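Novice: Sequence and predicted model, in that order:
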Amino acid sequence: GVRRYKWDVKYEFKSLDCYKKLAITINGKTPGPTILARQGDTIIVEVTNGLVTENLAIHWHGIRQIGSPWSDGTEGVTQCPILPGDNFTYRFIVDRPGTYLYHAHYGMQREAGLYGSIRVLLPDGVAEPFTYDYDRSIILNDWYHASTYEQAAGLSSIPFVWVEEPQSLLIQGKGKFDCSKLVTASSDPMACNTTNPECSPYMLTVVQGKTYRLRISSVTALSALSFQIEGHNMTVVEADGHYVEPIVVQNLFIYSGETYSVLIKIDQEPSRNYWITTNIVGRDATAKTPPGLAILNYYPNHPKRVPPTDPPAGPIWNDTAPRLAQSVAIKARQGYVHTPPPKSDRVIVLLNTQNKIDGYIRWSVNNVSFTFPHTPYLIALKENLHHVFDQHPPPDRLHEFTTYDIYGVVNNTNATSSNAIYRLKFNSTVDIILQNANTMTENNSETHPWHLHGHDFWVLGYGKGKFDAKNDPKKYNLANPIMKNTVAVHPYGWTALRFVADNPGVWLFHCHIESHFYMGMRVVFEEGVEKVSKLPSEIMGCGETKAFKKP
Ligand SMILES: O=C1O[C@H]([C@@H](O)CO)C(O)=C1O
């Protein structure tokens, strides 16, 4: 069938964590409306940009856009931005069941609150390999009080102004900031007010004996999270739209851009409520960001009844081992394994580093910090406007890779900015090795969730230290690797992926941390662009495409 949505996007004052600030809403809400569809449906979203002074683009995260690469919603890659006051219609098919996301993809706009869930159900009569009584979506996010503009300006300034840790964690759009921590008081009594109902915690009411499928996803700007439900283990059954061989966890580690489904059984002492919590891991936010809290409400207890126990403490923030262990444990479910091609045609080793370029702090991949041209790639390539971006492709492997010290504070003065892209042979099989390294701070390597547009990839393996091109591929899991669209590269580690370049279009691959993306941690892949059918004129209008836009 066809599902039509009409969305008005605008800025509104919201008190999501009790502190009043401008947030981007869809039809008045953040998170925005859930897109609920069946496999094979066509989704039509008519967006009106009511941001008044700001461009807009919306990405459908995890939807491959087969046959509709211009609907990927990536400003600079697949479309010109939607101008203030303009309308734009996204049209695409949801070809697979599962849990997906949508969010803004213009600058660092996502962190202002434009995001929501996409839930694609199986066709009638097709059963899933597990059962449950109720299905619920919970989106996790982190939340800053500074505006996107303030943050973006700081990141591209000398001296560099880091965004620091977020003020709050939001569970389904709700958090609680301790207003007594504000440095300056406001004369507006609602500027920070913990009794404001807008910031009452999210409550999930459950019935004894029932099984709930929780679709947990994360769109954090910075934070890696642990998610936990007091007294209840979770069975992971889905990741990024693919069935997982069930694993039982007490806390689920989730990185920005990932989606999981977990099953929980409502089988605990029914006379009370329980905490749902999320904590930051991977960065030392202990003194800065309190855990996010929500309530698992056992019916018929009052939903506002505070659980009698303290919320469970999160895992130790700098213990990488359990996070790596969870990543490794996620395998495709028996009976639902898509086997990867046994060999790849091309191996691209992407070394992730933090660098200074002309005095600015940037992130680089193979010593290239990525920038977008003014003319989106999809249009530039289709219309043969080759002069609008650098035609010298970035390297498949840094020539000094073998001698590069991933543990050192390396003074990478060779890094440059470029808008050159990787062009992939259509239908070829490509391996990507994400290699992590030390940042410009001593003894510090961060976690980066990498997200690929337009494809799912197989996760062939994870390793510690420097990737060994001779021996590590022998340990790849070619038997039952999970397919995903977002995967973490852990501190001082590597992650190996494989995908088939079979989706004609131009596709972004990037760190899903908003500030890192903004600071250049991204690459672009092109494949089969000559097979893309005629581009809709609605995506035109910027850079050298002004002439192509029909009035
Ligand atoms: O990109 C980043 O910059 C800071 C720090 O490395 C420099 O202040 C940080 O923690 C990041 O993740």
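Specialist: Good, I have the coordinates.
Novice: Next to the ligand, which bits of this structure? Give me the list.
Specialist: Residues of the chain lying close to the ligand by CB under 6 Å from any ligand atom are 162, 354, 439, 441, 446, 515-516. Any C-beta I mention is one placed from the backbone N, CA and C, and that applies to glycine too.
Novice: Turn the residues you listed into JSON lines, including secondary structure and pLDDT.
Specialist: As requested, the residues of the chain next to the ligand are exported to JSON lines (DSSP: H, G, I helix; E, B strand; the rest coil; pLDDT from 0 to 100):
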{"residue": "Trp162", "secondary structure": "coil", "pLDDT": "98"}
{"residue": "Gln354", "secondary structure": "strand", "pLDDT": "97"}
{"residue": "Thr439", "secondary structure": "coil", "pLDDT": "97"}
{"residue": "Thr441", "secondary structure": "coil", "pLDDT": "96"}
{"residue": "Glu446", "secondary structure": "coil", "pLDDT": "98"}
{"residue": "Ser515", "secondary structure": "helix", "pLDDT": "98"}
{"residue": "His516", "secondary structure": "helix", "pLDDT": "98"}
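Novice: most surrounded residue in the residues you listed?
Specialist: Gln354 (25 neighbours; other CB atoms under 10 Å).
Novice: Find the nearest non-adjacent residue to that residue, please.
Specialist: Excluding the flanking residues, the one nearest Gln354 by CB to CB, 6 or more residues apart in numbering is Thr439, at 4.3 Å.
Novice: from memory that neighbour sits against Asn412, does it?
Specialist: No. In this structure Thr439 lies outside contact range of Asn412 using CB atoms under 8 Å: 10.8 Å.
Novice: Now do stretch 163-181: distance to the chain's middle.
Specialist: Relative to its chain's centre, stretch 163-181 lies at 19 Å (CA atoms, centre = their mean, to the nearest Å).
Novice: Mind listing what's buried along it?
Specialist: Residues of stretch 163-181 classed as buried under the neighbour-count rule (16 or more other CB atoms under 10 Å) are 163, 165-177, 179.
Novice: Report the two of those residues separated the most.
Specialist: Greatest spacing in these, by CB to CB: Val163 and Gln172 (23.1 Å).
Novice: if I pick whichever residue of the stretch 151-300 of the chain sits closest to the ligand, what's in contact with it?
Specialist: Here the residue of the stretch 151-300 of the chain nearest the ligand is Trp162; by CB to the nearest ligand atom that distance is 4.0 Å. Contacts for Trp162 (CB atoms under 8 Å, 6 or more residues apart in numbering) come out as 154-155.
Novice: try 10 Å
Specialist: 151, 154-155, 361, 515 (CB atoms under 10 Å, 6 or more residues apart in numbering).
Novice: mind putting the residues you listed in CSV, secondary structure included?
Specialist: Converted to CSV, those look like this (DSSP: H, G, I helix; E, B strand; the rest coil):
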residue, secondary structure
Gln151, helix
Gly154, helix
Leu155, helix
Ile361, strand
Ser515, helix
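Novice: Point out where the stretch 451-551 of the chain drops to low pLDDT.
Specialist: Scanning the stretch 451-551 of the chain for pLDDT under 70 picks out nothing.
Novice: Walking through it, point out its strands one by one.
Specialist: For the stretch 451-551 of the chain, applying DSSP state E, counting those that start in this stretch gives strands covering 457-464, 483-484, 486-489, 493-500, 505-511, 522-527.
Novice: Going along the chain, name the helices of the stretch 251-400 of the chain.
Specialist: For the stretch 251-400 of the chain, the helices defined by DSSP state H, counting those that start in this stretch cover 321-329, 377-382.
Novice: Nearest to Val206 among those helices would be which one?
Specialist: helix 321-329 (24.6 Å).
Novice: quick one: average pLDDT of that closest one?
Specialist: Helix 321-329 shows a mean pLDDT of 98.
Novice: Show me what counts as buried in it.
Specialist: Buried-residue list, helix 321-329, by 16+ other CB under 10 Å: 322-324, 326-327.
Novice: Including distance to Lys10, could these go into TSV?
Specialist: Converted to TSV, these look like this (distance: CB to CB, whole Å):
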residue	distance to Lys10
Pro322	41
Arg323	38
Leu324	42
Gln326	38
Ser327	38
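Novice: Show me the two of the residues you listed that sit farthest apart.
Specialist: Applying CB to CB across the buried residues of helix 321-329, the maximum distance is between Pro322 and Ser327, 9.9 Å.
Novice: Mutual contacts of the two, please.
Specialist: Contacts common to Pro322 and Ser327, judged by CB under 10 Å, 6+ apart, are Phe253.
Novice: distance of the closest residue in space to Gly209 that isn't next to it in sequence from Ala153?
Specialist: Leaving out its chain neighbours, the residue that sits closest to Gly209 by CB to CB, 6+ apart is Ile266, at 6.3 Å. When CB to CB, to the nearest Å is the yardstick, Ile266 and Ala153 sit 47 Å from each other.
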